[in-house]
Structures are given as C-alpha cells and as structure tokens.
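Q: quick one: sequence plus predicted model below, questions after.
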Amino acid sequence: MKVAIDLTALMPKTTGIDTYLVEMVRNLAKLDRKSRYTLFLNFADRKRFDGVLGENIAVRACCPRPRPARLLFQQGVLPLASAISGYDVIHSPSFLMPWWRGRARHLLTVQDMTFFSMPNLHSSLRGGSIFRKMVGMSIERAHMINVPSETTRRDLLHWFPNVAAEAVRITPLGINPRFCPAPPAEVAANVKRLGLPPHYVLYLGTIEPRKNVDALVESYAQLVSAGTLDEHLVLAGAPGWNCERIFQRVKAPDLRDRVHLTGYVADQDLPWVYRGASMFVYPSLYEGFGLPPLEAMACGVPVISSSASSLEENLRGAAELIPPGDIAALCRAMERLAQDRDWRETLIALGVERAAKFRWEETARRILECYRELA
C-alpha cells in the first residue's frame, strides 16, 4: 500500500489540529512498518519528524508555509506527484483535498463543522463563503471522511445529506502519556518557573469568540466581587480572532491584578501549566472534539466544561457540565469546586479514568483501517 499524507497545514505554534497531525504520524510509524508512506511538509517542518519514523516513511519538504503557497501545492503539485508515484491513498487531514482526484482514493479529515453552523464565530477568511464552498466540495468529493466525534459526524451529515453515512468514520483523538499527575513539589517549582500564581483557575486554548472566554471572565469577576474565590485566573493560549474585548475587560480595576495572560504556551510546558491549576474551566460554545479538558483531566485537575457539542459526548460523568453561556451556573460550579474538597477529589478520580480511554494508538489504528479499506 502506498499512502501520501498532506501535512502542509502544520503550524509552528501547535494547536489541536497540529497535535492530531503529529501524533497520528508518530503512531502510524509504530503501527505499520510495511506500507510505504510519503509525508508532504513545508520547508520549515522538514526536520519535525527526525528520529521517529521508520524506513518505510519518506519525508518530502515541498513548499513554503504561507497559505497561497500551500494551496498551490495542494491543488497542483500533490495531484501531479500522485500521478507520477501511483499512490493508492491520499490523506488530506485538514478540511481541504485536491480538486483533481486521479487514480488514488482520498481520505478527508473534517475536525468540526462550525464554518457552516457558526460562521460568525470565525474570521472573515474561515467564515467566508469561498472557504465554506471549498470545504463543501472536498466533503462531497472525498471517497471517505473521518471525523473526531459523533457530534461532528451528525453535523456533517446534516449539512451534506447526500454524503453516504457509511463513508463518514469516527476517529476519536488521543491523550499523550506525558499528560499525567506529578509530585506536588515538582508542580510548585515549575509553576514558579513559569511565573504563574500559586493558586489559579485555568483556561487553555485560543482566545477567540467560539471559546466563550468572555463568559468565564465575567463569572470570575462576579466571584471576585462577592469574595467567594481566592484563586487567580490564568488565560493561557495565543490571541485569536476578535479577542480585543476580552483583553480590555481583564484590564479593568476589579480584575487587573487577578487575571494573568500567558500567551502561547510552549509544548514542553503544557503539562506543568495544567498540573498547577486548582481547576480547569472550558466554556467553549462548540468543539469538534476538545483536547484541553481531557489533557487537564489526565494531569489530575478537576474540570468544568460547557455541555455543548462533543464536550458533553466526551466528558459526561467525569466533569461538571454547564449550559454554554450560563454565567450563574458557571459561578456556582467554580464556587463548589473551590469549597467542596470531596467533590474535587471525585472529579479528579473520574477525570483521570476518563482521559485514559483516549489513546493515540487507537486513533492511528482506525486511520490505518481507513487506508486499507480505501486501498
């Protein structure tokens, strides 16, 4: 079997999609040493997989990172390479596939459908009609589609009812074993090293409207005003689209010394940022999967999350779930976790157990099944 994987969507600062791309390849390399793989990468990423791939996996650095160059590669160079090399399967793991399909069978990964259901919560590029049309054409022309959750599968079939239901496969994401509890002394030392307060409520993810961070900030402000929460609030993650309102709010006098903006967190520091938190709060309006709350659970941190989309699917029974945007409910949940030690310990135990069910090895196994069926 000859498989080509388009990894030109990789970014220098890792997001959830980047984590999926990297972990999928690393675990495929462990699982399948017989098939022949070609990974197409940006020039800047040519050494990203050094030392972790087998001899059956070739790396081809083929284009610069800017979006126009990546689109030119995807729509022009990749089909040509496929015609020359005779790939059995081409995997496009980030929403878009080549227009010309050629002889190869195509697997398309769609992480979520918010470009269609919530375009107002995306930038003009991602929420615009041109991008939606490109994604839609890819969905309609792929031989098989893999999605990370039943929520995304259901939404995709709602927006594209002509797509055969049996062609849409669910492939849940995984949690890296490095996300795990650590001794308190080591946690305290690393929290200090990172310049974080000793006790804090944590949000980690891109700061953008879809993540509903403003609801968390407002709930936190109410608890501070009432004097019922001693922890500081840490908002960790890169600034995203339309985040200025949140940044202005946390500069107000009532929050100025209580809210900490870390910016993007380096990959090696992520587990320590999670471990140092008293609780993790994820109020997102919609997630195709939602890695951060599960990573927090794996680190032994109790989680409060919105009950929206795949978050309820993945977290129900192991986290405190609240309706998205319900500030009063979020206040009550945060206050309870801060004051009820037994409830904290219950959620910690349930969370560690739940996170252990999500393994990248299983993600890779399901992807490999798709490749083999297509080939």
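A: Received it, and whenever you're ready, just let me know what you need.

Q: which parts of the stretch 1-150 of the chain are helices?
A: 16-31, 67-72, 78-85, 114-117, 129-141, 150-159 (DSSP state H, counting those that start in this stretch).

Q: quick check: buried residues in the fourth one?
A: Just to be clear, that refers to helix 114-117. Of all the residues in helix 114-117, those buried under the rule 16 or more other CB atoms under 10 Å are 114, 115, 116. The C-beta positions use only the backbone N, C-alpha and C, and glycine is treated the same way.

Q: tabulate those residues (a markdown table), appending distance to residue 370 and pLDDT.
A: Supplementary listing: those in a markdown table, determined by distance: CB to CB, whole Å; pLDDT from 0 to 100:
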| residue | distance to residue 370 | pLDDT |
| --- | --- | --- |
| 114 | 23 | 90 |
| 115 | 23 | 89 |
| 116 | 23 | 90 |
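
Q: could you dump those to a markdown table with distance to residue 313?
A: What follows is the buried residues of helix 114-117, written out as a markdown table (distance: CB to CB, whole Å):
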| residue | distance to residue 313 |
| --- | --- |
| 114 | 16 |
| 115 | 20 |
| 116 | 19 |
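
Q: closest to residue 208 out of these?
A: Closest approach to residue 208 among these (CB to CB): residue 114, at 11.1 Å.

Q: got phi/psi on the residue lying closest to residue 207 once chain neighbours are set aside?
A: Leaving aside its chain neighbours, residue 207 sits nearest to residue 243 (4.3 Å; criterion: CB to CB, 6 or more residues apart in numbering). The phi/psi pair for residue 243 (degrees, to the nearest 10) reads phi -110, psi 0.

Q: what score does the residue nearest to residue 289 when sequence neighbours are not counted have for pLDDT?
A: Distances taken as CB to CB, 6+ apart put residue 148 closest to residue 289, at 3.8 Å, once the chain neighbours are dropped. For residue 148, the pLDDT comes out at 97.

Q: what about residue 148, distance to residue 28?
A: Plainly put, residue 148 is 16 Å away from residue 28 if you go by CB to CB, to the nearest Å.

Q: so, low pLDDT: which residues of this structure?
A: 123-127 (pLDDT under 70).

Q: which residues of it fall in strands?
A: For the chain, the strands defined by DSSP state E cover 2-6, 36-42, 57-63, 89-92, 105-109, 144-147, 168-170, 200-204, 232-236, 259-263, 279-282, 303-306, 320-322.

Q: can I get those in a markdown table with mean neighbour count and distance to residue 343?
A: Converted to a markdown table, these look like this (neighbours: other CB atoms under 10 Å; distance: least, CB to CB, whole Å):
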| stretch | mean neighbour count | distance to residue 343 |
| --- | --- | --- |
| strand 2-6 | 22 | 44 |
| strand 36-42 | 21 | 46 |
| strand 57-63 | 18 | 47 |
| strand 89-92 | 26 | 43 |
| strand 105-109 | 23 | 37 |
| strand 144-147 | 24 | 33 |
| strand 168-170 | 17 | 32 |
| strand 200-204 | 24 | 15 |
| strand 232-236 | 24 | 20 |
| strand 259-263 | 16 | 25 |
| strand 279-282 | 25 | 11 |
| strand 303-306 | 28 | 11 |
| strand 320-322 | 21 | 8 |
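
Q: and these: which comes nearest residue 368?
A: Distance to residue 368, taken as CB to CB, is lowest for strand 2-6 among the strands of the chain, at 9.2 Å.

Q: skip the chain neighbours and tell me the closest residue to residue 324.
A: That would be residue 306: by CB to CB, 6+ apart, it lies 4.0 Å from residue 324.

Q: report the separation between that neighbour and residue 23.
A: 25 Å.

Q: likewise residue 290?
A: 15 Å.

Q: looking at the two, which one has more neighbours?
A: Counted by other CB atoms under 10 Å, residue 290 and residue 23 do not tie: residue 290 has more neighbours, with 28 against 19.

Q: picking that back up, the residue nearest to residue 289 is in contact with residue 288, isn't it?
A: Yes: using CB atoms under 8 Å, residue 148 is in contact with residue 288, at 5.5 Å.

Q: check contacts around the residue nearest to residue 289.
A: Counting by CB atoms under 8 Å, 6 or more residues apart in numbering, residue 148 makes contact with 20, 111, 170, 171, 172, 173, 288, 289, 310.

Q: for residue 369, state which of the residues you listed is nearest.
A: residue 171 (9.1 Å).

Q: that closest one reaches residue 147, doesn't it?
A: Yes: with contacts counted by CB under 8 Å, residue 171 reaches residue 147, the gap being 7.1 Å.

Q: identify the contacts common to the two.
A: Common neighbours of residue 171 and residue 147, counting by CB under 8 Å, 6+ apart, are residue 109.

Q: so what's residue 134 up against?
A: residue 96.

Q: distance check, it against residue 272.
A: As judged by CB to CB, residue 134 and residue 272 stand 39 Å apart.

Q: now swap in residue 231 and tell me
A: In terms of CB to CB, residue 231 sits 17 Å off from residue 272.

Q: perfect, that will be all.
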